[in-house]
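Chemist: Would you be able to build a 3D model of this:
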Amino acid sequence: MKRISTATAFAVLITLCTDAQETKSNSIMGKPKISGYLIGQYQTSTQDNNNSNSFNIRYARLSVGGHILDDFEYKLQGQINGNTSTLGSSPRLVDASVEWQKYGFLKVKAGQFKLPFTFENPMHPIDMGFMGYGQAVSKLSGISDRMGQHSSNGRDIGIQIQGDILTNTSGRNLLHYQVGIFNGQGINVKDADNRKNIVGGMWFMPTKGLRVGVFGWAGSYARNGIWTDRNGNEQSGTNSLSQYRYAISAEYRNTDWQVRSEYVHSTGYGFSTTYQNSDNQKDARVNWTQGNKADGFYALCIAPVIKQKLRAKARYDLYRPSAEWNNSRTQYEIGINYILHKNIELQGEYAFINDRSLACHNYSMVDVELCVRF
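Modeler: You can find the predicted model right below:
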């Protein structure tokens with residue numbers, strides 16, 4: 001897999017930011033809009049032999065977006081915290097897409113953007129409301145994926161169609177669909193096996209704020225390197241591992257309330273190492289011991305204590321990396337979110353964790369985050 005340099009993309013991003021204050025062009029491109037967010041984090045863990053407490057910059061992102069003509073919308077977003085030593089934590093291009101939006105029932109999007117899989121994956125991390133995405137979403141949606149892909153923030157490179165259909169008498173859309181074709185290799189790298197991933201879903205919205213959906217994923221993840229097959233024979237070349245996934249989702253949401261639950265299932269082996277941590281990026285060994293199945297489930301509620309000011313939250317979050325109970329990991333979380341300003345939010349939570357893969361199963365975590373948008 002060949003890395004795509006982020007230098008050019010960031011040069012474009014900076015140029016657009018510099019020109020953003022200029023007056024709107026009456027020819028092709030409208031005035032760009034600059035936005036971004038910063039999430040500062042303090043987290044402590046009592047895990048046996050691995051206890052920690054640390055301040056951290058969870059996210060620092062800058063985005064430029066706008067319209068070209070009247071029917072096209074573009075977005076460039078970079079993540080600027082971290083270092084340049086790895087694919088996973090280095091400053092890098094996160095989004096780079098253009099979407100044709102002339103018709104509400106048919107929009108076409110191309111570039112690098114969020115995969116249309118699960119309700120939670122496309123959500124803004126501040127709006128999601130917890131210290132991290134649900135484990136099943138993180139491990140099975142390309143965020144910190146079990147198959148060994150580098151951290152890709154739930155994104156890939158490809159093309160997608162989406163739209164809203166079946167409008168009721170009040171003008172509210174009842175059915176949404178989205179489906180795309182992607183490389184299957186994550187962000188900022190080219191395809192490795194010439195196989196493409198088909199990812200998509202649809203959801204029904206029977207009443208305002210409520211949606212019920214299903215999602216599917218069929219494709220592969222590949223590396224070019226050296227590995228050993230199930231019979232102990234050494235192989236070299238492209239090792240392509242098939243991936244098949246589905247999710248069942250339900251959510252109710254309004255200004256102050258969030259009630260959401262999703263079940264995600266995956267079939268397909270993963271690699272033994274994470275891509276950016278391989279010594280020479282040629283490690284194509286398969287993690288046979290992990291098995292070829294995984295699943296997870298979460299259910300959460302965020303409820304108002306003081307309207308549009310203070311919210312209480314709770315989440316049950318289960319992930320089974322081999323679809324078995326003997327190494328399952330469960331998080332029981334409670335906390336509060338305090339809205340200091342429409343663009344500033346303080347989020348805090350306590351999590352009791354039961355990880356059956358550890359000798360000492362139980363430990364606690366505390367997470368506090370200051371979230372700022374601009």
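
Chemist: For Gly111, list the residues it contacts.
Modeler: Going by C-beta atoms under 8 Å, 6 or more residues apart in numbering, Gly111 touches 95-98, 157. Just so you know, the C-beta spots here come from the backbone N, C-alpha and C atoms, and that holds for glycine as well.

Chemist: where does the stretch 51-200 of the chain dip in pLDDT?
Modeler: Low-confidence segments of the stretch 51-200 of the chain (pLDDT under 70): 83-88.

Chemist: tell me the helices in it, going along the chain?
Modeler: 125-128, 135-140 (DSSP state H, counting those that start in this stretch).

Chemist: Of all the ones you listed, which one is nearest Tyr103?
Modeler: helix 125-128 (26.8 Å; C-beta to C-beta).

Chemist: got the contact list for that closest one?
Modeler: Contacts of helix 125-128 (C-beta under 8 Å, 6+ apart): 37, 39, 58-59, 120, 133, 345, 371, 373.

Chemist: If we use 10 Å, what do you get?
Modeler: 37-39, 58-59, 61, 120-121, 131-134, 137, 153, 253, 258, 260, 300, 302, 337, 343, 345, 347, 369, 371-373 (C-beta atoms under 10 Å, 6 or more residues apart in numbering).

Chemist: okay, stretch 175-184 in CSV with CA atoms only?
Modeler: Output in CSV follows, covering the C-alpha atoms of stretch 175-184 (Å, rounded to 0.1, in the frame of the first residue of the first chain):
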residue,chain,number,x,y,z
LEU,A,175,-36.9,6.9,4.2
HIS,A,176,-33.2,7.5,3.7
TYR,A,177,-30.7,5.4,1.7
GLN,A,178,-26.9,5.6,1.2
VAL,A,179,-24.5,3.2,-0.5
GLY,A,180,-20.9,3.5,-1.7
ILE,A,181,-17.9,1.8,-3.3
PHE,A,182,-14.6,2.2,-1.4
ASN,A,183,-11.0,1.0,-1.6
GLY,A,184,-11.3,-0.8,1.7
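
Chemist: circling back to that earlier point, nearest to Ser364, of the contacts of Gly111?
Modeler: Nearest to Ser364 out of the contacts of Gly111 is Asp95 (C-beta to C-beta; 35.0 Å).

Chemist: can you list the helices of the stretch 51-200 of the chain in TSV and add distance to Gln235?
Modeler: What follows is these, written out as TSV (distance: least, C-beta to C-beta, whole Å):
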stretch	distance to Gln235
helix 125-128	39
helix 135-140	26
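
Chemist: Determine which stretch of those is the most buried.
Modeler: Among these, the stretch with the highest mean neighbour count (mean count of other C-beta atoms under 10 Å) is helix 135-140, at a mean of 25.
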